[in-house]
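> The following comprises the amino acid sequence and a computationally predicted model.
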Amino acid sequence: MSDKVGWREWVKLPDLGIKRLKCKVDTGAKNSALHTFELINFEKNGQQWVRFSIHPDEYDLSKVQQCEAKIQDERAVTDSGGNVTVRYFIETTIEIGGHKILAPVSLTSRDSMVFKMLLGRSALRKAKLTVNPTKSFLQGRK
């Protein structure tokens, strides 16, 4: 199992039932972020949860998958354009190659972005992964 990743990689989010998603590895982003829409918060067993939809296939936006997760936090995030928004954070397992990372992920609209997920430096640090910015898919294509 290599500890090197490229600037883009395939990931799995098994806790959310997401089998394959292309993500941008972004050392400039502190936190990981997932493109979501149709967010609805609700209470389950006395805790706050969120139900949301994702596009599992970036080339076929007619495919929609619904997910649910417990809300871990809600906080203000400043994006790369300097805009501040309040986002839900969930904690979920991210699989990249043979690495499994339990990490916080913010839920946000990334409609205008090419990549529907960012893998931020806090998750990279947890897994002790090193980024080679000149390479892609060092953890495999599938």
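Happy to help now that I have it.

> Mind listing the residues bridging to the residue nearest the centre of the chain?
Centroid-nearest residue in the chain, with Cα atoms, centre = their mean: Leu34, separated by 3.9 Å. Beta-bridge partners for Leu34, by DSSP bridges, are Leu107, Met117.

> Make residue 1 into 354 and carry on from there
In the new count, where the first residue is 354, that last one comes out as Leu387.

> Please name the residues that touch it.
366, 407, 458-461, 463, 469-470 (Cβ atoms under 8 Å, 6 or more residues apart in numbering). From N, CA and C alone the C-beta is placed, and that goes for glycine too.

> Of all the residues you listed, the one with the weakest confidence?
Lowest in pLDDT among those is Arg463, which has 77.

> Lys416 versus that one, what's the distance?
The gap separating Arg463 from Lys416 is 16 Å, by Cβ to Cβ, to the nearest Å.

> and Lys397, what does it touch?
Lys423.

> if you set the cut-off to 7 Å instead, what comes out?
Lys397 makes no contacts at all, as judged by Cβ atoms under 7 Å, 6 or more residues apart in numbering.

> Check Ala382 too.
Residues in contact with Ala382, defined by Cβ under 7 Å, 6+ apart, are 471, 473-474.

> would you say it is within a helix?
No - secondary structure of Ala382 (DSSP: H, G, I helix; E, B strand; the rest coil): coil, not part of a helix.
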